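>>> only geometry, no sequence info:
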């Protein structure tokens, strides 16, 4: 396979991991490669999922769910507001949906952007014990809620992801507002 | 079409509405028929979505989203924990996903069971102004949260839905626990 024990961990590798369907990741990388992926690498993978979404015209937010023992990627995804006409599928909900019915208490969720109220509530209700947040510059607020429910929260900002989200916000402010607050917020939006 | 201006509104009609894909409802019923559907009828439709899920081996919770002006059904769905291997798709999230990117402030959500924390948070974040709850006997608790966020909440219990959910809970307690709290809750479950 391409990403064997000795293969370099670089953006090209992490971008391929981001785009490969989760169930097909085993043809791209082996377990020894997965074990070498650092938290910074997994956050960059979440950012490349955000980049994929941005390139599709969507909101650039991605997430990756890692098995705490094997560091295997069990689920991943990105916002699909535009792509699936989906009114609430954020990076976190997308990755959780992709992972399916597993024990999330044995996993870590890497999200490229600070979670919204719905995603933070879902993280608690599905029993996650660890969350890593890649951007508290463009959004923040629910880290305290997560901690109060016993979730370990780590901030690990990724400059590529932060720059990408800031660019999206400047380019498509209405799309961003809808993603956070729904269509009903747009009619009250200054300038609409 | 089958459900024209004069057609009877009965369980057979509401069950057909529940099972028909939302985008195809126009071949089953006309706008005059939709205008005659009462809140009790729409709640029973949500219950028949719950029944469909139960018959598929899933969790019996359904929801319907109605346009407040035309009483047209804009979205509907049921829990798909089992059917889609989906770790958090409840009746409400399913109906909201089905409706797509619309202005939910002009709609009413009918749910066969009192909403969980995630669904209640989503209802607030997507700007719903009205929610009707069909069962506060088997579950309750987030009605106060919804009201505190300005959502009008009405209780309109449906005895068929309440009996169905009670039967499911007795038959599949582990499946019910997973649906509310995730797989991680099962290992701590008394009797497991």
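Everything's here; your move. Please read all numbers here as calculations on a predicted model, not as lab measurements. Numbers count the residues shown, from 1 in each chain, chains lettered A, B, ... in the order given.
>>> isn't there a helix covering residue A:131?
No: counting by DSSP: H, G, I helix; E, B strand; the rest coil, one finds residue A:131 to be strand, located in no helix.
>>> Check what pLDDT it gets.
For residue A:131, the model assigns a pLDDT of 98.
>>> correct me, but residue A:64 touches residue A:50?
No: Residue A:64 is beyond contact range of residue A:50, at 10.7 Å (criterion: Cβ atoms under 8 Å). C-beta here means a position set from N, CA and C on the backbone, and glycine is covered the same way.
>>> residues in contact with the residue nearest the centre of chain A?
Geometric centre of chain A, nearest residue: residue A:63, 1.6 Å, by Cα atoms, centre = their mean. If you count contacts by Cβ atoms under 8 Å, 6 or more residues apart in numbering or on different chains, residue A:63 has them with A:46, A:49, A:76-78, A:90-92, A:94-95, A:109-112.
>>> so residue A:7 is in which element?
Assigned by DSSP states H and E, residue A:7 belongs to no helix or strand.
>>> What is the burial count for it?
By other Cβ atoms under 10 Å in any protein chain shown, the residues close to residue A:7 number 15.
>>> rewinding a little: which of residue A:64 and residue A:50 has more residues huddled nearby?
Counted by other Cβ under 10 Å, residue A:64 and residue A:50 do not tie: residue A:64 has more neighbours, with 34 against 31.
>>> quick one: buried residues of the longest helix seen in chain A?
Taking DSSP state H as the criterion, chain A has its longest helix at helix A:39-55. By 16 or more other Cβ atoms under 10 Å in any protein chain shown, the buried positions in helix A:39-55 come out as A:41-54.
>>> Chain B contacts on chain A?
A:81, A:85-89, A:93, A:96-97, A:99-106, A:116-118, A:121-122, A:124-127, A:178, A:180-185, A:187 (Cβ under 8 Å from any Cβ of the partner chain).
>>> Please produce a PyMOL select command covering the buried subset of those.
Those of those that count as buried under 16+ other Cβ under 10 Å are selected in PyMOL with:
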select buried, chain A and resi 81+86+87+88+89+93+96+97+99+101+102+104+105+106+116+117+118+121+122+124+125+126+127+178+181+182+183+184+185
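>>> quick one: which of the residues of chain A next to chain B sit in helices?
Those of those mapping onto helices are A:93, A:96-97, A:99, A:117-118, A:121-122, A:124-125, A:178, A:180-181, per DSSP H.
>>> what comes up buried for stretch A:167-174?
Residues A:168, A:169, A:172 are the ones in stretch A:167-174 that count as buried (16+ other Cβ under 10 Å).
>>> Put together a markdown table for the residues you listed, with pLDDT on each row.
Formatted as a markdown table, the buried residues of stretch A:167-174 follow (pLDDT from 0 to 100):
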| residue | pLDDT |
| --- | --- |
| A:168 | 98 |
| A:169 | 98 |
| A:172 | 98 |
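>>> Can you flag which of these belong to helices?
Checking the buried residues of stretch A:167-174 against DSSP H, those in helices are A:168, A:169.
>>> For residue A:36, which non-adjacent residue is spatially closest?
Spatial nearest neighbour of residue A:36, chain neighbours left out: residue A:9 (6.3 Å); criterion: Cβ to Cβ, 6 or more residues apart in numbering or on different chains.
>>> what helix or strand is that neighbour on?
Remark: residue A:9 resides in no helix or strand, with elements defined by DSSP H and E.
>>> Residue A:164 now?
Following DSSP H and E, one finds residue A:164 within helix A:159-171.
>>> first to last residue in stretch A:87-94, what's the distance?
Taking Cα to Cα, to the nearest Å, stretch A:87-94 runs 12 Å from one end to the other.
>>> Would you mind pulling the contact partners of that stretch?
For stretch A:87-94, the surrounding residues in contact (Cβ under 8 Å, 6+ apart) are A:46, A:49-50, A:61-63, A:76-81, A:97, A:109, A:111-113, A:115-116, A:118-119, A:122-123, A:179, A:182-183, B:88, B:93, B:96-97, B:99-102, B:104, B:122, B:125-126.
>>> could you redo the last one with a cut-off of 6 Å?
By Cβ atoms under 6 Å, 6 or more residues apart in numbering or on different chains, the residues outside stretch A:87-94 that reach it are A:61-63, A:77-80, A:111, A:115, A:119, B:96, B:101, B:122.
>>> can you redo the contacts of residue A:63 as TSV with distance to residue A:24?
Formatted as TSV, the contacts of residue A:63 follow (distance: Cβ to Cβ, whole Å):
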residue	distance to residue A:24
A:46	18
A:49	15
A:76	12
A:77	14
A:78	17
A:90	23
A:91	20
A:92	22
A:94	17
A:95	16
A:109	21
A:110	20
A:111	23
A:112	22
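>>> After the longest helix of chain A, which helix or strand is next?
Next helix or strand after helix A:39-55 toward the C-terminus (DSSP H and E): strand A:62-67.
>>> Quick one: name whatever helix or strand follows that following strand.
With elements assigned by DSSP H and E, the helix or strand that comes after strand A:62-67 is strand A:73-78.
>>> Point out the other helices and strands that that next one packs with.
Here strand A:73-78 touches helix A:39-55, strand A:62-67, helix A:91-99, going by 3 or more Cβ pairs under 6 Å, 6 or more residues apart in numbering or on different chains; DSSP states H and E.
>>> Columns mean pLDDT on top of the ones you listed, output as CSV?
Formatted as CSV, the helices and strands packed on strand A:73-78 follow (pLDDT from 0 to 100):
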stretch, mean pLDDT
helix A:39-55, 98
strand A:62-67, 98
helix A:91-99, 98
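>>> Is it possible to get CSV of those that adds distance to residue B:140?
Listed next are the helices and strands packed on strand A:73-78 as CSV, based on distance: least, Cβ to Cβ, whole Å:
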stretch, distance to residue B:140
helix A:39-55, 37
strand A:62-67, 31
helix A:91-99, 25
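>>> and of the ones you listed, who's closest to residue B:146?
Nearest to residue B:146 among the helices and strands packed on strand A:73-78 is helix A:91-99; the distance by Cβ to Cβ comes to 20.3 Å.
>>> Just give me how far that closest one sits from the chain centre.
Offset of helix A:91-99 from its chain centre (Cα atoms, centre = their mean, to the nearest Å): 8 Å.
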